[in-house]
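1. here's my sequence, what's the structure:
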Amino acid sequence: MSKIIVLGSGICGSAAALMLRRDGHEVTVLERDPEPAPGSVEDAWENWVRDGVTQFHQPHFLQSRGRIILEEELPDIVPAVEACRRIAVRSARPDASVDRGPDTT
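-> Presented below is the predicted three-dimensional model:
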């Protein structure tokens, strides 16, 4: 089997590395950010500094084909991806309890 290097451990790099490894390849993932991933999604969202991923705290959209591939090839990680998505969406929504004044739109 091949020796493969994957650059970056975002969703695409991690998914590629997992699929390649499960196919029997030797995979090394090179990540620019020095800190290891925190133990929980909440801790990652609140405290993980990702200088190499400037869009880390922005909500992301996973195209339907990407979702299909994850469900078919890596069904065991789908719950973790969903947990990340829920935290990002919840954090990006405005707080409904804050009075923003009259709607002028």
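2. all helices of this protein, in order?
-> Taking DSSP state H, the helices of the chain run over residues 11-22, 41-47, 64-73, 78-92.
3. out of the helices and strands in the protein, which is least certain?
-> helix 78-92 (a mean of 69; mean pLDDT, DSSP states H and E).
4. about what we covered before: most tightly surrounded among the helices of the chain?
-> Scoring the helices of the chain by mean neighbour count under mean count of other Cβ atoms under 10 Å gives helix 11-22 as the most buried, with a mean of 16. Yep, even glycine has a C-beta here, placed from its N, CA and C like the rest.
5. against E73, how distant is L7?
-> According to Cβ to Cβ, to the nearest Å, L7 stands 20 Å off from E73.
6. no, scratch that, I was asking about G13
-> Counting by Cβ to Cβ - G13 and E73 are separated by 15 Å.
7. still on that earlier bit, go through the helices of the chain and name the closest to R32.
-> helix 11-22 (10.8 Å; Cβ to Cβ).
8. where does pLDDT dip in this structure?
-> 57-61, 85-105 (pLDDT under 70).
9. again, only this time at 50
-> Of all residues in the chain, none has pLDDT under 50.
10. any idea which residue sits dead centre in it?
-> Closest residue to the average C-alpha location of the chain: I11 at 4.9 Å, with Cα atoms, centre = their mean.
11. pretty sure that one contacts F56?
-> No. I11 is beyond contact range of F56, at 11.4 Å (criterion: Cβ atoms under 8 Å).
12. once you drop chain neighbours, what's closest to G13?
-> Closest residue in space to G13, ignoring its immediate chain neighbours: V6 at 4.9 Å, by Cβ to Cβ, 6 or more residues apart in numbering.
13. wait, that neighbour touches E31, no?
-> No. With contact defined as Cβ under 8 Å, V6 does not count as touching E31 (9.3 Å).
14. for I77, which residues are in contact?
-> 15, 18, 70 (Cβ atoms under 8 Å, 6 or more residues apart in numbering).
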